[in-house]
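Enquirer: Got a predicted model here, sequence first, then my questions.
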Amino acid sequence: MDLMQGVEFSHWLFNNYLDKHDILIDATCGNGKDTLFLANKLNSEGKLYAFDIQKEAIENTKHKVKVNTLKGNINYINDGHENMDEYVDESVDGIIYNLGFLPGSNKDIKTEKDTTITSLNKSLDLLNVGGLIVAVIYSEHEGGFDEKEAVLNFARKLNYKKYNVLHYHFINQKKTPPEVIAIKKRNGVK
Ligand SMILES: C[S@@+](CC[C@H](N)C(=O)[O-])C[C@H]1O[C@@H](n2cnc3c(N)ncnc32)[C@H](O)[C@@H]1O
């Protein structure tokens with residue numbers, strides 16, 4: 001078996017830390033793969049907020065959820081994740097990011113380092129103790145490398161007494177496969 005690629009690894013992390021009744025955020029719902037994956041893990045007490053700045057992405061995600069006959073408790077929000085605190089007024093257990101552009105769509109509409117960092121700061125505030133943030137980061141598109149560096153710098157500076165931080169990446173490939181950052185708010189820390 002090969003080592004897991006970024007998206008697979010991000011789901012594996014959530015498989016290991018998720019509870020059925022969790023409150024979760026998909027910060028970049030895109031074509032809905034992560035939304036579908038997370039929503040499938042929840043029961044009727046769980047809730048998922050799905051953000052995307054593109055209406056097309058919100059519609060794609062709604063469609064994916066519908067054809068998979070998922071009845072979960074999903075709030076779709078057609079706005080930037082940097083405004084998540086305006087929509088989420090409860091603490092959450094997990095937040096997933098899949099950075100970059102919507103596959104098959106306009107590559108110029110993509111996550112940007114400044115709004116991503118604003119959003120990550122808000123995610124830390126919303127996250128419960130024991131909660132998990134996972135970001136899958138692509139760096140080959142324009143602006144992607146700078147965004148990746150900004151996210152890595154942000155993550156590296158987090159206080160180790162409050163957060164466990166993981167960086168998962170392949171180091172011997174020709175191209176630059178997606179990398180993963182995972183941030184866990186440590187138990188026993190307020
Ligand atoms: C790589 S795609 C996400 C793929 C998606 N998770 C999936 O499973 O199909 C990145 C998405 O981020 C969205 N995006 C860009 N800037 C954003 C922002 N500030 N807030 C929320 N979504 C944003 C894009 O519109 C795009 O759909």
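Expert: Alright, I've got the coordinates.
Enquirer: which residues sit in contact with the residue of the chain at minimum distance from the ligand?
Expert: Closest contact between the chain and the ligand, by C-beta to the nearest ligand atom, is at residue 30 (2.5 Å). Using the backbone N, CA and C atoms, a C-beta is placed for each residue, glycine as well. When contacts are counted by C-beta atoms under 8 Å, 6 or more residues apart in numbering, residue 30 touches 52, 57, 60-61, 98, 102-103.
Enquirer: ok, now residue 164?
Expert: Residues counted as contacts of residue 164 (C-beta under 8 Å, 6+ apart) are 182-184, 186.
Enquirer: just to revisit the earlier point, list the ones among the contacts of residue 30 that fall in strands.
Expert: Filtering these for membership in strands, criterion DSSP state E, returns residue 98.
Enquirer: Redo the contacts of residue 30 as a markdown table? Include neighbour count, distance to the ligand and pLDDT.
Expert: Formatted as a markdown table, the contacts of residue 30 follow (neighbours: other C-beta atoms under 10 Å; distance: C-beta to the nearest ligand atom, whole Å; pLDDT from 0 to 100):
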| residue | neighbour count | distance to the ligand | pLDDT |
| --- | --- | --- | --- |
| 52 | 27 | 4 | 98 |
| 57 | 23 | 4 | 97 |
| 60 | 21 | 8 | 96 |
| 61 | 24 | 7 | 96 |
| 98 | 24 | 3 | 98 |
| 102 | 20 | 3 | 95 |
| 103 | 10 | 6 | 90 |
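Enquirer: Show residues contacting the host helix or strand of residue 66.
Expert: Residue 66 is located in helix 55-67, with elements delineated by DSSP states H and E. Residues from elsewhere that reach helix 55-67 (C-beta under 8 Å, 6+ apart): 29-33, 35-36, 39, 50, 52, 72, 74, 76-78, 102, 105.
Enquirer: following that helix, which helix or strand shows up next?
Expert: strand 74-77.
Enquirer: now for that following strand, which elements pack on it?
Expert: strand 47-51, helix 55-67 (3 or more C-beta pairs under 8 Å, 6 or more residues apart in numbering; DSSP states H and E).
Enquirer: Fine by me, we can end here.
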